[in-house]
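Colleague: here's my sequence, what's the structure:
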Amino acid sequence: MQTQLDTAIYDKINSCAALKALLGDERFYADAAPQNTEFPFLVWFHILTEHQETFNTRLENDSIQFSIFSKNQSAAEINEIADELFECFDNTILTIADYYSVSCRRVSSRRLKDPEDAWHYMAEYQILIQEQ
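Modeller: This next block holds a predicted model:
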């Protein structure tokens, strides 16, 4: 299922013109960015998947973390990218083969500056999907 969800996330980012424009030449990656990737860029990864069953309904509750990285001196760039990420994913419907998208909800976000002087903005989403 992770591959299908990763495809849906990739497709969603690709459909969000403002977010894609801020990230440049498709600098958004599942799991890890290639070494020496130009800033800014975005990475998402799976934190946890919980499987739930009720009678004949199967659900998956996926925790996904989006991490945005920027080396701009000002936090303005990373804040703008985060705002577009929120615009794109808050309460959205994802298209996932063989599943219904039930909900996509941001549960937390945090901005910090790492020891190498890069900004890092993390946002965690709960994505609930139902098997068709």
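Colleague: how near is the spatially most central residue of the chain to Thr57?
Modeller: Nearest to the centroid of the C-alpha atoms of the chain, with distances taken as C-alpha atoms, centre = their mean, sits Phe66, at 4.0 Å. Distance, Phe66 to Thr57, using C-beta to C-beta, to the nearest Å: 28 Å. Where you see a C-beta, it was placed from the backbone N, CA and C, and this is true even at glycine.
Colleague: one more: Tyr125?
Modeller: For Tyr125, the distance to Thr57 equals 22 Å [C-beta to C-beta].
Colleague: just the helices from this structure, written as ranges.
Modeller: For the chain, the helices defined by DSSP state H occupy 2-15, 17-23, 76-89.
Colleague: packing partners for the second one?
Modeller: Taking 3 or more C-beta pairs under 8 Å, 6 or more residues apart in numbering; DSSP states H and E as the contact definition, the neighbouring helices and strands of helix 17-23 are helix 2-15, helix 76-89.
Colleague: and the angle from the first one to helix 76-89?
Modeller: If I follow you right, that is helix 2-15. Helix 2-15 and helix 76-89 meet at an angle of 110 degrees, taking axes from the mean of the first three to the mean of the last three C-alpha atoms, to 10 degrees as the criterion.
Colleague: pretty sure Pro40 contacts Leu22?
Modeller: Yes. Using C-beta atoms under 8 Å, Pro40 is in contact with Leu22, at 7.2 Å.
Colleague: mind listing the shared neighbours of the two?
Modeller: Residues touching both Pro40 and Leu22 (C-beta atoms under 8 Å, 6 or more residues apart in numbering): Glu77, Ile81.
Colleague: would JSON lines of the helices of the chain with mean pLDDT, mean neighbour count and distance to Pro115 be doable?
Modeller: Formatted as JSON lines, the helices of the chain follow (pLDDT from 0 to 100; neighbours: other C-beta atoms under 10 Å; distance: least, C-beta to C-beta, whole Å):
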{"stretch": "helix 2-15", "mean pLDDT": "91", "mean neighbour count": "16", "distance to Pro115": "28"}
{"stretch": "helix 17-23", "mean pLDDT": "96", "mean neighbour count": "17", "distance to Pro115": "24"}
{"stretch": "helix 76-89", "mean pLDDT": "98", "mean neighbour count": "18", "distance to Pro115": "16"}
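Colleague: alright, I will stop here.
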